[in-house]
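**Q** After the sequence you'll find the predicted model.
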Amino acid sequence: MSYFKKMDNFLIARTNKYNVFRCLVRQGPINRAAIARLTNLSIPTVMTITAELLEKKVIRSIGKGESSGGKPPEMLELVPDSYYTVGVDIGRTMIRLVANNAAFEQRASLQELTGNPLPAKDFVKRVSGLILRIIHMLHTEKEKIIGIGIAMPGLIEKETGRVIFSPDFEWSSVPLREWLLENLPFTLLVENANRALALNESYFEGEEDQNHTTFSVNLGHGIGAGLVLGEELYMGAVGASGEIGHITVERNGPLCMCGNRGCLEAVASGDAIAKKAKSLMEKGRAPILAELCGGKGHEIEARTVFEAAAAGDPEAGKIVDEAAEYIGMGLSMAINVLDPDRLILCGGLMRNGPSFFEKIKASIQKHKMKQTGRELVIFQGTKGENSTAMGACRLLVNTLWNEQRLPI
Ligand SMILES: [Zn+2]
């Protein structure tokens, strides 16, 4: 098993401690000799680090294990409830919260419909209330909550947690982190929802090789993505990486929320699919679709268009095929530029049957440079509805570690 290999001279001691801790999280219960073998550290180094972790009560001894000839070794494991994190996914339709322990086991969850738009400050107050409610559900002392990760659609200023622009909520320059801190005396991190999702989707329990380059794309109302290198999210210079929804795929195409024309999101997102279908129906050109929504254009969602296509509506079918073609084009650009070995497709559009996934894959094969992506594996996200909130927790833990603030 290869653990973190970034052995910067100034970071060796810290990296060693992290590797031992991660080994305990992933492989525990485990003895010291096995930790030394898996992490390539000496037994005395492992002994020093485990003594420190035992003293801090983040790991514990659970007695003797099986002997392989000599003295039976002492077995160590993580104390799962030594600390907790809260993850919040603020979505256009639903607000989802999870509370995890140190082993990333979910200890509580909560969800509520986002509902009709409120003034930003009132909405933020409502989110604060939900966070306090899930913390209460944990029945633990406040000191054990090491922080709260917030996943929010839109462009986020990473240093301040300010939402620069969120078309989903029609927010510009909303000091989300600052307002939440008024009611929540915790470490608080705000991140783009697509990237939080990408981080969680790229993580697989017990996986031995942690050196993957994963590009994870969220195909929903909008389109966004995240690049994960190993277990670390790639942030970019100002924290705006992954905006694949706003690459131009159609010159002079439809106007996008971002102000440009012909963005991938403006031609192939869930909203774009619904908008195109509505316009066709109004021209009397999608009879099955019209029947499915009772002739009410405002009730058309992407899901309705997929249903109409499956029921044989040719115009709805064309819209779906065109969206898959454009998504494949966009993703092939990412593959050519980034050379990932894993491409994960997530989000609401992927819940419309297997043929959409197959069509996207066919489009990728058609558009990507033939020599790229030889190692690429393409699959659908599997982590369920709380994945973005879980990703917000993971990102928080990674950030606290990088800032040496994780209590280990
Ligand atoms: Zn755009």
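**A** The structure has been received and is ready for your questions. Everything quoted here is computed from the prediction, not taken from an experiment.

**Q** Run through who's touching stretch 264-275.
**A** 219-223, 244-247, 249-250, 253-258, 300-302, 304-305, 319-320, 322-324, 326-327, 329-330, 348-349 (Cβ atoms under 8 Å, 6 or more residues apart in numbering). In this view, the C-beta of every residue, glycine as well, is placed from N, C-alpha and C.

**Q** List buried residues within those.
**A** Among the contacts of stretch 264-275, those buried by neighbour count (16 or more other Cβ atoms under 10 Å) are 219-223, 244-247, 249, 253, 256-258, 300-302, 304-305, 319-320, 322-324, 326-327, 329-330, 348-349.

**Q** filter the residues you listed down to the ones near the ion?
**A** Filtering these for proximity to the ion by Cβ under 5 Å from the ion leaves His246, Cys256, Cys258.

**Q** In strands, which of the buried ones among the contacts of stretch 264-275 appear?
**A** Mapping those onto strands (DSSP state E) picks out Leu219, Ile223.

**Q** Show me the shaky parts of the stretch 101-250 of the chain.
**A** 206, 208-209 (pLDDT under 70).

**Q** Buried residues, the host helix or strand of Trp179. List them.
**A** Applying DSSP states H and E as the criterion places Trp179 in helix 176-181. Of the residues in helix 176-181, Leu176, Arg177, Trp179, Leu180, Leu181 count as buried by neighbour count, 16+ other Cβ under 10 Å.

**Q** do the same with stretch 268-287
**A** So for stretch 268-287, counting by 16+ other Cβ under 10 Å, buried means 268-278, 280-281, 286.

**Q** Now intersect those residues with the helices, please.
**A** Residues of these located in helices (DSSP state H): Ala268, Gly270, Asp271, Ala272, Ile273, Ala274, Lys275, Lys276, Ala277, Lys278, Leu280, Met281.

**Q** The stretch 301-408 of the chain: helices as residue ranges?
**A** Secondary structure of the stretch 301-408 of the chain (DSSP state H, counting those that start in this stretch): helices at 302-310, 314-338, 354-367, 387-402.

**Q** what's the angle from the shortest one to helix 314-338?
**A** An angle of 120 degrees separates the directions of helix 302-310 and helix 314-338 when computed by axes from the mean of the first three to the mean of the last three Cα atoms, to 10 degrees.

**Q** quick one on the thing from earlier: nearest to the ion, of the buried residues of helix 176-181?
**A** For those, the residue nearest the ion by Cβ to the ion is Leu176; the value is 21.7 Å.

**Q** There's contact between the closest one and Ile148 in this structure, I believe.
**A** No. Assessed by Cβ atoms under 8 Å, Leu176 is found out of contact with Ile148, at 11.7 Å.

**Q** still on that earlier bit, tell me which other helices or strands the helix holding Trp179 touches.
**A** Other helices and strands packing on helix 176-181, by 3 or more Cβ pairs under 8 Å, 6 or more residues apart in numbering; DSSP states H and E, are helix 120-137, strand 145-152, strand 162-166, strand 188-192.
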